[in-house]
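Engineer: Coordinates for the following, if possible.
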Amino acid sequence: MRAGRLKTKRYKTGRGMGPWAMLLLGAALGLGAAALQGERPPVLSAPPAATKAPIEEKTETRTVTLNAKSWYALQLGVFDSREAALQTAKAYRARGAGGYVFEKDGCRALAAAYETRADAQAVMTRLKERHGVDTAVVEVALPAVTLRLSGRGSQLTALSDAWDAMEKLTGHLYALSLSLDRGEIPLSDVRAALFSERDTLNALREGLLSRFGQQPPEAVAALERVLSECAQSLEEALNASTAVGLGAQVKYCHLQCLCEMAAYAASLY
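Structural biologist: Next comes the predicted model:
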C-alpha cells in the first residue's frame with residue numbers, strides 16, 4: 001500500500017508562546033494555538049489498507065481537533081552535550097526527579113511538569129529554600145491542531161483513539177506522580193495503573209499498524225513511534241523497586257509523553 005500524504009498549511013494565531021514552546025515548535029512558532037479561522041484544515045488522506053474491517057466499509061471524512069494544553073516544567077539545566085545532561089538527570093533521578101533530557105538548542109534536563117505555573121513556581125521555591133537547588137520554570141505547550149481526515153472509518157477511529165489515549169495518559173501520569181509524592185497510593189496500585197496504560201498503548205499501536213499497513217502516512221508512522229516509545233518507558237517504570245525510584249520513573253514518563261506529543265503536534269503543520 002502506498003503511504004498517504006499529509007498536506008499542511010500554516011495558520012496564524014494571536015496567542016503568545018513561552019520559551020519552551022518556541023523550542024518545541026521550531027519552524028511552527030506562532031502557529032496553530034487557536035482554532036483555524038476561515039481556512040481549510042490540513043488533510044490526512046490514506047488509501048484503504050488491508051484490514052479485518054468488512055469489505056463494504058466505505059471511505060469517509062472527519063474533522064478532528066487535538067486540544068491545546070500547556071504544562072509547566074522545572075528545568076535543571078541546559079548543557080552542550082547529551083552526556084552532561086544525562087549525568088545531571090541521573091543524579092537528580094536518584095532523588096526522585098524525572099530526569100528527562102530534551103534535545104533542542106542544547107540538551108535540557110527536566111525534573112517534573114505541573115498543570116499550572118503557580119504550582120511549578122511553588123516547587124521551584126521549595127527546592128531552592130530547602131535543598132539549594134536552582135531550577136527554572138519553562139512552558140511545554142501542546143498547540144491545538146485541527147485536521148480533516150479521509151480514510152476508512154476504522155482507520156480514522158484508530159487515529160482518534162490513539163490521540164485521545166495520549167491526552168488522557170498525561171493527566172493520569174500526573175495524578176499518579178502527585179499521589180506518590182504525597183504517599184497517598186500504594187506502590188502496587190501505581191504498578192497496576194502503569195501496567196494497564198502500557199497494554200493500552202501497545203494495543204493502540206498494533207491497531208494503527210493493522211489498519212494502515214506497512215507504509216502508513218508519516219503522521220501515522222510518527223504517532224506509532226510515540227506510542228511505542230512511551231509504552232517502553234512505562235515498561236521500564238514497572239521495574240522500579242522503591243517509592244522514590246517509581247516516582248522518578250512516573251515523572252520521566254509524564255515528561256516524555258508531554259514533550260513527544262508537543263513535537264508531534266507541531267510536525268502536523
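
Engineer: Tell me the buried residues in stretch 90-109?
Structural biologist: Going by neighbour count (16 or more other C-beta atoms under 10 Å), the buried part of stretch 90-109 is 92-93, 96-102, 107-109. No exception for glycine: its C-beta is placed from N, CA and C like everyone else's.

Engineer: next one: stretch 145-156
Structural biologist: Per 16+ other C-beta under 10 Å, stretch 145-156 contains these buried residues: 145-152, 154-156.

Engineer: now swap in stretch 167-184 and tell me
Structural biologist: Buried residues in stretch 167-184, defined by neighbour count with 16+ other C-beta under 10 Å: 167, 169-170, 172-174, 176-181.

Engineer: just to revisit the earlier point, turn the buried residues of stretch 145-156 into JSON lines, including pLDDT, secondary structure and distance to residue 120.
Structural biologist: Output for the buried residues of stretch 145-156, formatted as JSON lines (pLDDT from 0 to 100; DSSP: H, G, I helix; E, B strand; the rest coil; distance: C-beta to C-beta, whole Å):
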{"residue": "145", "pLDDT": "86", "secondary structure": "strand", "distance to residue 120": "25"}
{"residue": "146", "pLDDT": "86", "secondary structure": "strand", "distance to residue 120": "29"}
{"residue": "147", "pLDDT": "84", "secondary structure": "strand", "distance to residue 120": "30"}
{"residue": "148", "pLDDT": "85", "secondary structure": "strand", "distance to residue 120": "36"}
{"residue": "149", "pLDDT": "84", "secondary structure": "strand", "distance to residue 120": "35"}
{"residue": "150", "pLDDT": "85", "secondary structure": "strand", "distance to residue 120": "40"}
{"residue": "151", "pLDDT": "87", "secondary structure": "strand", "distance to residue 120": "39"}
{"residue": "152", "pLDDT": "89", "secondary structure": "strand", "distance to residue 120": "42"}
{"residue": "154", "pLDDT": "90", "secondary structure": "helix", "distance to residue 120": "40"}
{"residue": "155", "pLDDT": "90", "secondary structure": "helix", "distance to residue 120": "38"}
{"residue": "156", "pLDDT": "90", "secondary structure": "helix", "distance to residue 120": "36"}
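
Engineer: tell me the helices in this structure, going along the chain?
Structural biologist: Secondary structure of the chain, counting by DSSP state H: helices at 19-25, 82-93, 117-131, 153-181, 187-212, 218-237, 243-267.

Engineer: hmm, back to that, could you let me know which of the buried residues of stretch 167-184 ends up closest to residue 243?
Structural biologist: Using C-beta to C-beta, residue 180 comes nearest to residue 243 of the buried residues of stretch 167-184, at 6.5 Å.

Engineer: Count the neighbours of the nearest residue to the closest one once chain neighbours are set aside for me.
Structural biologist: Using C-beta to C-beta, 6 or more residues apart in numbering and skipping the chain neighbours, the partner closest in space to residue 180 is residue 247 (4.3 Å). Residue 247 is flanked by 26 other residues according to other C-beta atoms under 10 Å.

Engineer: coming back round to it: quick one, which of the helices of the chain is nearest to residue 63?
Structural biologist: Ranking the helices of the chain by their distance to residue 63 (criterion: C-beta to C-beta) puts helix 153-181 first, at 10.4 Å.

Engineer: and the direction of the closest one versus that of helix 243-267, what angle?
Structural biologist: Here the directions of helix 153-181 and helix 243-267 differ by 140 degrees (axes from the mean of the first three to the mean of the last three C-alpha atoms, to 10 degrees).

Engineer: elements contacting helix 153-181?
Structural biologist: Judged by 3 or more C-beta pairs under 8 Å, 6 or more residues apart in numbering; DSSP states H and E, helix 153-181 is in contact with strand 59-66, strand 69-79, strand 107-114, helix 187-212, helix 218-237, helix 243-267.

Engineer: Show me what counts as buried in the second one.
Structural biologist: By neighbour count, with 16+ other C-beta under 10 Å as the criterion, the buried positions of strand 69-79 are 69-77, 79.

Engineer: what residue ranges in the protein score low on pLDDT?
Structural biologist: In the predicted model of the chain, residues 1-56, 104 satisfy pLDDT under 70.
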